[in-house]
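Enquirer: dropping the sequence and predicted coords here.
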There are 2 protein chains.
Amino acid sequence: MKGYFDDENKEYIIEDMKPRRPWLNYLWNEKAVCSSDQFGHGFFWRAIGTQRRNIEKGVRNVYIKDKSTGEVYSPNRNYGDLPFKVYETHVGINYQKIISEYKGVETVFTICVPKDDAVALYNVKITNKNRDNRLIDGYFCIEPTPALSWHDAYGYADNDEKLNGLLYCHDGFALPNDYTKVFVGCDKKYSAYDLSHSDFRGEYYEYDNPKGIKNDKLSCKGATFEPEYVAAFQFSDIFSESDTFESTFCSFAARNFEEVEKLRKKHLEDTTFEAELKRVSAENASEYEVFTLNSPDKYLNSQTNIWLKRQTSLGKTWGRLYGKGFRDVMQDITAFVSMDTELAKKQILHALKYQYEDGNPIRMFEPSFKFPYNDGGVWIAGAVLSYLNESGDLSILSEKVPYLKGDSYENSNYSDAFVTEPYVTGGKVGTVLEHILAATDYLLGSRGKRNLVLWRGGDWNDSMNSVGRKNKGESVWLSIATVKAVGELIEILKISGNDGLIIGYEKRKDELISAVKLHGFKGGRYIYGYNDEDEIIGGEERTFLNPQTWSVLAGIGSEKERLEIMDEVEKNLKCDYGYVQCRPSFTRGDDNIGRASYFQPGLVENGAVYNHGVAFKIAADCMLGKADSAYKTLKMISYDNPSNPDNGVEPYAVSNMYMGPENKYIAGYAPMSWVTGTAGWLYRCVTEYMCGVKPTFDGLEVSPCLPKEWDGVTARRVYRGEIYEIRYEKSDEKELICDGKKVEKLPLTGKGDVHKVLCKF
Amino acid sequence: MKGYFDDENKEYIIEDMKPRRPWLNYLWNEKAVCSSDQFGHGFFWRAIGTQRRNIEKGVRNVYIKDKSTGEVYSPNRNYGDLPFKVYETHVGINYQKIISEYKGVETVFTICVPKDDAVALYNVKITNKNRDNRLIDGYFCIEPTPALSWHDAYGYADNDEKLNGLLYCHDGFALPNDYTKVFVGCDKKYSAYDLSHSDFRGEYYEYDNPKGIKNDKLSCKGATFEPEYVAAFQFSDIFSESDTFESTFCSFAARNFEEVEKLRKKHLEDTTFEAELKRVSAENASEYEVFTLNSPDKYLNSQTNIWLKRQTSLGKTWGRLYGKGFRDVMQDITAFVSMDTELAKKQILHALKYQYEDGNPIRMFEPSFKFPYNDGGVWIAGAVLSYLNESGDLSILSEKVPYLKGDSYENSNYSDAFVTEPYVTGGKVGTVLEHILAATDYLLGSRGKRNLVLWRGGDWNDSMNSVGRKNKGESVWLSIATVKAVGELIEILKISGNDGLIIGYEKRKDELISAVKLHGFKGGRYIYGYNDEDEIIGGEERTFLNPQTWSVLAGIGSEKERLEIMDEVEKNLKCDYGYVQCRPSFTRGDDNIGRASYFQPGLVENGAVYNHGVAFKIAADCMLGKADSAYKTLKMISYDNPSNPDNGVEPYAVSNMYMGPENKYIAGYAPMSWVTGTAGWLYRCVTEYMCGVKPTFDGLEVSPCLPKEWDGVTARRVYRGEIYEIRYEKSDEKELICDGKKVEKLPLTGKGDVHKVLCKF
């Protein structure tokens, strides 16, 4: 796990190029997403409405052929494990740079997605440090995915001499969209090219040993009737005129030749790669400045100041097209609202369109998925409240948004698959406040015989998907989450001057709390719920994490009771690298429970250290003042926890889980990173809960919960245009001093002032 | 294109191991299908109801590691193009055998699918010809595909010491079937194993250079949470006790551990691989004996006597699960009825269940596809008639078969995709004769304003899928095919004594012929039809092959007119390697035509040499006595046509097309073999049309159309239990002499006699 953070350049440098699993970076803008592993390999797609249009996938390789020795190698991929003198990858903000040196030839391969267009840019710079005029051919290839259907006969690929690039067309009958041309262009004349993988790789060879490169020249042949093509360029004798060769390539999908020409010109002629790289690596600088931590924990500083923000930002822009959905987008909003307040508003207004008239939102949109989960409504009030607190802008509450038509259950189905039929829009219209009320009323109105909230298709735990299908099962966690959501609604009603409604919700909240206490609390901890068959889920046989931590987040029970609950968590759910989602894991599939019970022990929702849940636990710790426990937990799920070495995760990204200790084969392994709400929650854990810098409607609160061992902590927060430079000081008395004055909350002057804050805690 | 036929062993031996594209063989029984290329790589699946359950795919490799030199290679795949002394593949009937020798070590890798179970068997025999006790480790690996869902957390893989094999489990919630265990077993103790591809291949390596083999021992680790696994076995020091190492492996899917144990025992203990191999290579010997050709064309003899039968046999058993459908199954039946008359009956009765109450059958079943093609009905009468003529069994006509419920158009949709909703069974019940009548009445009743048959979703040409959606377009080809079908119905009515119905159909047939002549014949040839917009398809601008050839098959027009039509075919559609489906190809997509117009010129239905259509042309030639033209055409589409070298096709299989000369990039290339109705039609062309041995209800007719240049042709036909040994003799007078007597048809004695037949022609 060799590598290091370079915070000044917002980079992580990968030095061990073959970690347990590929280490990913994501590059994107509002239109497109490109992934890149440490070699530069990955996919690239653009969104068209609610679809993705794939543009490329897989391999992106530079090759070098030394014609005097015949040696061929890929300087970014190094298939043969050749003894490179330099071999490292710079993971950047919206770019990825792979640098290598072998036998005196240095190659820098850089990928970036420019600010405005659904274009991927590739820059290849090869330098002959030997200055010996050696005969070297350079090659570059990527794998375009031009097909828009399974009819290979629609497609062809050919060289376009005028545009100096390779063009892939797939015009056909009744295609899903009209982006039928994929273009891979270049800003230098190439001496040869390949388009068919059977020409370049060869029918019987792979990218480690492409047949085409063995010939003097690539085939320069067009291709057709292939499901997949290649874009391969050859540059002959690259050092014949200079010791440095440089070329930039672009790749994109377009609707017609005019668009191809325009985009090509814009990105290969009108600007330089260097300029674009500067632009994108400085992108959204203000997002990174909104909160700066300076603590004794250098890694936590890097995480908080750069990488958690970066990861949250992916969800911010692309959550809706990532197989994520309503629940995820709402949580992401709560996390990124300080970084991009306008977008938070926009996303709230967008997501609320996916709430049925009965008040229940859908689980997932774009692509649509109609499995009737029941927890969507609990995330709305919190997201809107976070927007109000960050912005101070009440106008969002009266914005009008249409509902989806009808009843969420009539419109659902229990198929575990994406559906092609779209949601039925055009329901009645309601203000955002009415949407929140509708969601809350839906939850409070969907109750079982114990007065707990019905489980139906499931709740946060996607894989408890067969506990409530018969409309009988009740979820204790969902009831607790509803208590929390009602609390957030009441807060919204307060700050928006709708006091008349409060008393009713207070009463219903209290009733629900009573039900939770009466039916949800067994043997000193909360159960998960009751399924359709009246079986207790998460009773004596098994403890679940979320009902415990959320009882604290929702403020249920006395402080003593909450502390006792967290002791149960420590006792029952802790492992060397975090807290498992449940313990023991299910070991036998149960059709009255669903997917979770069939998962292998320790995997995913069945006993993994689900980091999302661990973040809830850290927040709960902080709410109880357990600073050391919170910080210790944070470090347990760090990539560099010495008790869980070689877990596979990127140091600069958070994974959604570590496989639990009950798994026989891959305990501790963290297979999936980037696409998880954990990043946003951890960011909130550090900033709002540990540093305690919490926006309220009329200003920032500062109520820290910092680890004992820390000294000399400072933080900087930009809030409603003002800057707060906070110094934390351990003290016997708690005091908040802003610009020399003792305050309850940090004052707003409305002048964009820089405030010096001292927080004694 | 090096290789040769070994008819005695029913083998083709591939000597050039890297042809333009992989050369496939198929191995199957009633339950499962396994594909294998020249290296032994391919898929394996079993059918479960209307689904396929994948068992493995991709790589099957033997590896040898010489521990003294460290050299590792794969004797069946030879990734590094090492200078093997022997390297060839024996393509057999239900087996595939790859033989190689390198540095004195001979490896024979044999694959077979046994007769009765959905099991693949692999035998590896390695012989040290050096007899020098060298230290060699042997490895064998395949790629099981145990997943039944995208939930990787359901799966795990582990060694089962007791069963001496590797077990892959994927039990989960709401899975599509209960074959949740995949087992790969071995009859020899192995010294080590791998299950995870990251252990065996390694995260960053491929099968040409697997990381696991570099270690002394494979990892012996279980695996979980992987979408794909490997089954890799290591045998240490294989020559320590003997100069020959041999081991057999089995691979299958099962419902439970008992089934695993039972199948393993049956195939690895109770029998030997050698015995199974003998059994399957002799399989269905009677099918191969039903017709034997002995002509001067050795390749045609191999084709007719072995390989066309073999290829037809794949469709015979698996047509319904191959993305084929009603039309294909009916044509396959007509071709294989002599080889397996009982199965022909069974398949007719099965397929007719997929005919709607309105008389129109569906296009495709298992998996279902609801695009409303309109040609299904024209294939029924011919298939049933061929069964009657082969078997003499009229009872099939009164067998009762249910229809699909309702109207075919109400139940259709124009989505170009497989659908998950099943067809609605439980319609009314009708006899087979009623089904034929319903199909015919449907066609005769679905007429447009020109009295031609409506095109609707399309006809034989799947890609003319937007000519008739508005229920206006009319197909001339479909009208001609209906004429032919009505003729076949009349023949059925005759032989079944339903004469009363004949006159009405004769009349309606004549009416339809008039409409065809009036509206279908323009400028000396037949057009294809009129689309919904009243545009002529296949008029002056473009000639289509099938309407011409089928006018001959249907007997429309005088003989002179038919000869003229075939002259048009020669003039307009011929190329060096056959006859194109249409010429010129479409060069511009047209939404009033559909898919075909968007295909690249020369590809598939847009101007390829579609061999199915070429077979119709050969039959039409024969019907007009054009023997030399028929034979020449047959040779044009032969794999070894010198005018179309390196077309890619297996010598032992027929492809469904050669890309047409109008394609810029891959003219002449034959990408797809095995899964085409062409094999059955070519078989009929040789046996029924060229050799002229045609079953009728009361005996065999012999009316040959053999090429002038041929001498000394004999053929042997088994028919209704009797054997006819036919000698052809050119003569000025036509005479058929059986057992010394001049006859019209070959007589049936009912005693299983061997008849000597002389056919003067």
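Expert: Received it, and whenever you're ready, just let me know what you need.
Enquirer: quick check: residues of the stretch 501-650 of chain A near chain B?
Expert: Residues of the stretch 501-650 of chain A lying close to chain B by C-beta under 8 Å from any C-beta of the partner chain are A:589, A:591, A:594, A:595, A:597, A:598, A:599, A:600, A:603, A:604, A:606. C-beta: built from backbone N, CA, C; applies to glycine.
Enquirer: quick one: buried residues of the helix or strand hosting residue A:756?
Expert: Using DSSP states H and E, residue A:756 falls within strand A:754-760. Using 16 or more other C-beta atoms under 10 Å in any protein chain shown as the test for burial, strand A:754-760 gives A:755, A:757, A:758, A:759, A:760.
Enquirer: got JSON lines for the residues you listed, with pLDDT and distance to chain B too?
Expert: JSON lines is the format used below for these (pLDDT from 0 to 100; distance: C-beta to the nearest C-beta, whole Å):
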{"residue": "A:755", "pLDDT": "97", "distance to chain B": "49"}
{"residue": "A:757", "pLDDT": "98", "distance to chain B": "47"}
{"residue": "A:758", "pLDDT": "98", "distance to chain B": "49"}
{"residue": "A:759", "pLDDT": "98", "distance to chain B": "44"}
{"residue": "A:760", "pLDDT": "96", "distance to chain B": "48"}
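Enquirer: ok, of those residues, which one's closest to residue B:163?
Expert: residue A:759 (65.6 Å; C-beta to C-beta).
Enquirer: contacting residues for the closest residue to residue A:140 other than its chain neighbours?
Expert: Nearest in space to residue A:140, with sequence neighbours left out and distances taken as C-beta to C-beta, 6 or more residues apart in numbering or on different chains, is residue A:233 at 5.0 Å. When contacts are counted by C-beta atoms under 8 Å, 6 or more residues apart in numbering or on different chains, residue A:233 touches A:139, A:140, A:141, A:166, A:186, A:190, A:192, A:193, A:218, A:249.
Enquirer: ok, what's across the strand from the residue in the stretch 601-750 of chain A that chain B sits nearest to?
Expert: The minimum distance from the stretch 601-750 of chain A to chain B, using C-beta to the nearest C-beta, falls at residue A:603 (4.0 Å). Taking DSSP bridges as the rule, residue A:603 bridges to residue A:606.
Enquirer: centre-most residue in chain A?
Expert: residue A:675 (3.4 Å; C-alpha atoms, centre = their mean).
Enquirer: now the biggest strand by length in chain A: buried residues?
Expert: For chain A, the longest strand by residue count, based on DSSP state E, is strand A:51-66. Buried residues in strand A:51-66, defined by neighbour count with 16+ other C-beta under 10 Å: A:52-57, A:59-66.
Enquirer: now swap in stretch A:437-449 and tell me
Expert: A:437, A:438, A:439, A:440, A:441, A:442, A:443, A:444, A:446, A:447, A:448.
Enquirer: stretch A:385-400 now?
Expert: Under the neighbour-count criterion of 16+ other C-beta under 10 Å, stretch A:385-400 has A:385, A:386, A:387, A:388, A:389, A:390, A:391, A:392, A:396, A:397 buried.
Enquirer: show me which of the residues you listed neighbour chain B.
Expert: Among the buried residues of stretch A:385-400, no residue is within reach of chain B (C-beta under 8 Å from any C-beta).
Enquirer: and those, which is closest to chain B?
Expert: Distance to chain B across the buried residues of stretch A:385-400 (C-beta to the nearest C-beta) is lowest for residue A:386, with 32.2 Å.
Enquirer: name the helices or strands packed onto whichever strand or helix holds that closest one?
Expert: In this structure, residue A:386 sits in helix A:380-391 according to DSSP H and E. Applying 3 or more C-beta pairs under 8 Å, 6 or more residues apart in numbering or on different chains; DSSP states H and E, one finds that helix A:380-391 makes contact with helix A:326-336, helix A:341-351, helix A:432-445, helix A:476-495, strand A:693-696.
Enquirer: tell me the helix or strand right after it.
Expert: Following helix A:380-391 toward the C-terminus (DSSP H and E): strand A:400-402.
Enquirer: can you give the distance from that next one to the centre of its chain?
Expert: 27 Å (C-alpha atoms, centre = their mean, to the nearest Å).
Enquirer: so what does that strand touch, helix or strand wise?
Expert: On a contact count with 3+ C-beta pairs under 8 Å, 6+ apart, strand A:400-402 meets strand A:429-431.
Enquirer: kindly recompute the last result at 10 Å.
Expert: Strand A:400-402 is packed against helix A:341-351, strand A:429-431, helix A:432-445, with contacts defined by 3 or more C-beta pairs under 10 Å, 6 or more residues apart in numbering or on different chains; DSSP states H and E.
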